[in-house]
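Chemist: Sequence isn't available, so here's the structure alone:
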C-alpha cells in the first residue's frame with residue numbers, strides 16, 4: 001500500500017519482520033491509524049503512528065506516548081488493549097487491539113437515532129469501562145461518540161483514544177486552566193479549565209447518549225468558541241426537548257448525567273450503569289416488541305442453520321481472501337420444548353464454535369417463515385445431492401455476487417431500496433433478520449413469481465422482465481442481501497453481497513426433470529405400443545424401434561435439461577451483477593444531480609377484453 005504523505009513508504013521497511021501494514025483506518029490530530037498484521041502471532045492489530053513533523057511540536061510526543069502508557073495500565077473488555085509502544089526512525093508508534101466495527105458517531109451518522117435498547121447497552125458497557133479506569137485514578141477527558149467503538153460481530157462497546165487521559169497521581173503536562181478536549185462533549189468544569197474527576201467523563205458519556213438517542217447534541221454549532229461559552233455557562237437542555245420518543249425513565253438518566261454541578265450527577269460509572277438498566281426495565285411497556293430471538297426453532301432446523309452458516313462463512317472467507325489478494329482491500333434453558341432450541345441459543349452455540357452472527361442471520365433468512373418440524377431447507381442427503389449434480393449439471397447449492405461500493409453504508413442502503421423495488425427487479429422487502437443490516441443483519445427480498453396466478457393473469461404480464469424470468473427458471477423467489485462497512489484511506493466503502501439459495505429450486509427442478517423425461521418417454525412408449533398392436537401380424541419385433549425411440553427421446557430431454565440449467569444459472573448471476581452496477585449508477589446520479597433517476601413506470605396492464613389501462 002502507499003500513502004499520500006509518504007508515511008507508509010518510510011515506515012513499512014522499519015517494521016518489516018514484525019508488522020505488515022495493510023490499509024489506513026483513519027487519521028486525526030494525534031496521528032494516523034493503520035490496520036496491520038503482526039507477523040509472528042498472525043493476528044490483526046491497529047498501529048497508531050505519530051509522524052515526525054507532529055512529534056517535533058512541544059509536548060505532542062510525550063502526550064502521544066502517555067496515551068500508550070495510560071491505556072496499557074488498563075485491562076478491561078470494554079477498553080482497547082495496548083500491546084506495545086516503540087520509537088523507530090523518527091516515528092513514535094504503538095500497537096493496540098484491532099476492533100472490526102464502527103464508532104458510535106459513525107453508526108448514528110449512518111442510521112440516525114438508535115433504539116433505546118441498543119443505546120443503553122453501549123452506555124452501560126462504556127460506563128463499566130470508565131468505572132474501571134476511574135478506580136485506578138485515570139480520567140479519560142475526551143469521551144465522545146467518535147471514541148466509542150462498536151464491534152461488528154458482537155455489538156460490544158470499546159472505549160478508545162486515551163490521548164489526553166490523565167493519571168490523577170501524575171504531574172500535568174498542561175498549563176493550569178488550559179482547555180483540552182472536544183468542545184461539544186466537554187463538561188462545564190472542563191470548559192472552565194477546572195480540575196476534573198470521573199464525573200466529568202460521565203457528563204461526556206451523557207452527551208454521547210443524548211446524541212445516540214436523538215441525533216442531536218445538547219449544544220450545537222460550528223463555532224467552537226460559541227459552543228465552549230455555552231457549555232461553560234448554561235445548563236444543557238433536557239433530552240425530552242429534542243426527542244419525544246425516548247422513554248421518560250431513560251430521559252431522566254441522561255438529564256442527570258448532564259447536570260451542571262458534578263455533585264448532582266452519578267457518583268461512579270457503576271452507579272450510572274445500574275441506573276440505565278433500571279430505566280430500561282421501567283420502560284419495558286413502552287418499548288415492548290416481539291423478541292424474535294426468543295422464538296423456538298425445531299432441532300432439525302437449528303442443525304440446518306448451523307451447517308448453512310458455516311458454509312456461508314467459509315464462502316465469505318474465501319471471497320475476502322481473493323479480494324485481499326487482488327488489493328481491494330451460557331447454556332440452554334431447561335424450559336424448552338422437546339426437540340427444539342431457542343433461536344438465541346442457536347446463535348450462541350454457533351458463536352462458541354467460531355461462526356460469526358451475520359452468517360447465522362443469513363442462514364436463518366434462508367429458512368422458511370414458520371417453525372414447524374421438518375420445514376428446514378436441506379437437500380435430502382448424499383444420494384439426492386449426487387442426482388442433482390448428475391441430472392442438472394451443477395454442484396452449486398447457492399450463489400452470490402459481491403462488490404465493494406465506494407459509498408457510505410447509508411447512501412448505499414438508500415440506493416438498494418430505490419433500485420431493487422423498481423423495474424426490472426420489482427423486489428419487495430419482506431423482513432430483516434439478525435438486526436440492522438449495518439450490524440450483520442440480512443435484508444430479505446421476495447422475487448415476483450411470473451407464473452403465479454396463471455399464464456393469462458395481468459399480474460404475470462406486469463411482473464415479467466428478463467430478471468424475473470431468470471429467477472423463475474431457477475425457482476428462486478427470495479434474495480438475501482448483506483452489507484459490511486469498510487473503512488479505508490479513501491473514506492468508508494460498503495461491501496454488498498447478494499445471496500441466492502438454490503436448494504429449494506434444485507429439488508423442484510430435479511422433480512421437473514424426472515416428470516419431463518418420464519412424460520416424453522411414456523408418450524413414446526404409448527406410440528410404440530400402438531404400433532406393436534397394429535403390427536401383431538408382423539411379429540413383436542416391430543414394436544422395438546418405437547420403444548427404443550421413446551427411450552432416446554427421454555434421454556435427450558435429460559441431456560437438454562442438463563445443459564439448460566447451468567446456462568440459466570450463469571444468466572442469473574449476470575442479472576445480479578447488473579443489480580450491483582445499477583446500485584453504483586444510482587449513487588452516482590444522486591452525487592452528481594442531487595436526485596436519483598426517476599424509476600421506469602410499469603407497463604400498461606392488458607385487459608382480457610382487449611382494453612388497456
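Modeler: Perfect, thanks for sending it. Everything numeric here is computed off the predicted structure, so don't read it as measured data.

Chemist: Can you read off the pLDDT for residue 385?
Modeler: Here the pLDDT value assigned to residue 385 is 60.

Chemist: whoops, I mixed them up, residue 70
Modeler: 81.

Chemist: quick one: it and residue 138 touch, right?
Modeler: Yes. Between residue 70 and residue 138 there is a contact under Cβ atoms under 8 Å: 5.9 Å. Quick note: C-beta positions are derived from backbone N, CA and C, even for glycine.

Chemist: which element follows the lowest-mean-pLDDT helix or strand in the chain toward the C-terminus?
Modeler: Lowest on mean pLDDT, DSSP states H and E among the helices and strands of the chain sits strand 166-167, with a mean of 50. Using DSSP states H and E, the helix or strand that directly follows strand 166-167 along the chain is helix 188-191.

Chemist: Average pLDDT for that next one, rounded please.
Modeler: Across helix 188-191, the average pLDDT comes to 94.

Chemist: Are we agreed that residue 24 is in a helix?
Modeler: No. Read with DSSP: H, G, I helix; E, B strand; the rest coil, residue 24 is strand and lies in no helix.

Chemist: number of nearby residues for it?
Modeler: When neighbours are defined as other Cβ atoms under 10 Å, residue 24 has 20 of them.

Chemist: Ok, residue 134 next?
Modeler: Other residues lying near residue 134 total 20 when counted by other Cβ under 10 Å.

Chemist: repeat for residue 151
Modeler: Residue 151 has 14 neighbours, counted by other Cβ under 10 Å.

Chemist: phi, psi of it?
Modeler: Dihedral pair for residue 151: phi -70, psi 130, per degrees, to the nearest 10.

Chemist: Quick one: residues contacting it.
Modeler: 99, 100, 101, 157, 158 (Cβ atoms under 8 Å, 6 or more residues apart in numbering).

Chemist: Find the nearest non-adjacent residue to the second one, please.
Modeler: The shortest distance from residue 100 to any residue other than its chain neighbours is 5.2 Å, reached at residue 152 (Cβ to Cβ, 6 or more residues apart in numbering).

Chemist: Would you confirm that that neighbour contacts residue 441?
Modeler: No. Look at residue 152 against residue 441 with Cβ under 8 Å: they stay out of range, at 11.1 Å.

Chemist: the strands in the stretch 51-200 of the chain, which residues?
Modeler: 82-88, 91-97, 101-103, 138-139, 148-151, 157-159, 166-167 (DSSP state E, counting those that start in this stretch).

Chemist: And those: which comes nearest residue 420?
Modeler: Closest to residue 420 of the strands of the stretch 51-200 of the chain is strand 101-103 (Cβ to Cβ; 23.8 Å).

Chemist: Go through the strand or helix carrying residue 207 and flag the buried ones.
Modeler: Taking DSSP H and E as the definition, residue 207 sits inside helix 198-214. Under the neighbour-count criterion of 16 or more other Cβ atoms under 10 Å, helix 198-214 has 198-214 buried.

Chemist: What is the neighbour count of residue 62?
Modeler: For residue 62, the neighbour count with other Cβ under 10 Å is 12.

Chemist: What pLDDT is listed against it?
Modeler: Note for residue 62: predicted pLDDT of 80.

Chemist: distance of it from residue 33?
Modeler: Going from residue 62 to residue 33 by Cβ to Cβ, to the nearest Å gives 19 Å.

Chemist: Then residue 438?
Modeler: Distance, residue 438 to residue 33, by Cβ to Cβ: 21 Å.

Chemist: and if you look at residue 52?
Modeler: According to Cβ to Cβ, residue 52 stands 17 Å off from residue 33.

Chemist: Please apply the same query to residue 426.
Modeler: In this structure, residue 426 and residue 33 are 43 Å apart, going by Cβ to Cβ.

Chemist: Could you do residue 87 as well?
Modeler: In this view, residue 87 and residue 33 are 17 Å apart by Cβ to Cβ.

Chemist: So between these two, which is more surrounded?
Modeler: Between residue 87 and residue 33, counted using other Cβ under 10 Å, residue 33 has the larger neighbour count: 21 against 13.

Chemist: so that one sits in a strand?
Modeler: Yes. Counting by three-state DSSP, residue 33 is part of a strand.

Chemist: Retrieve the pLDDT associated with it.
Modeler: What the model reports as pLDDT for residue 33 is 89.

Chemist: And the one 10 residues further on, by the same measure?
Modeler: Here, the pLDDT recorded for residue 43 equals 91.

Chemist: and the end-to-end length of stretch 220-240?
Modeler: For stretch 220-240, the first-to-last residue distance is 16 Å (Cα to Cα, to the nearest Å).

Chemist: Any buried residues in that stretch, and which?
Modeler: For stretch 220-240, using 16+ other Cβ under 10 Å, the buried residues are 227, 228, 230, 231, 232, 236, 239.

Chemist: same question, stretch 125-142
Modeler: Neighbour-count burial for stretch 125-142 flags 125-134, 138-142 (criterion: 16+ other Cβ under 10 Å).

Chemist: Helices - which of those land there?
Modeler: Within those, residues falling in helices by DSSP state H are 125, 126, 127, 128, 129, 130, 131, 132, 133, 134.
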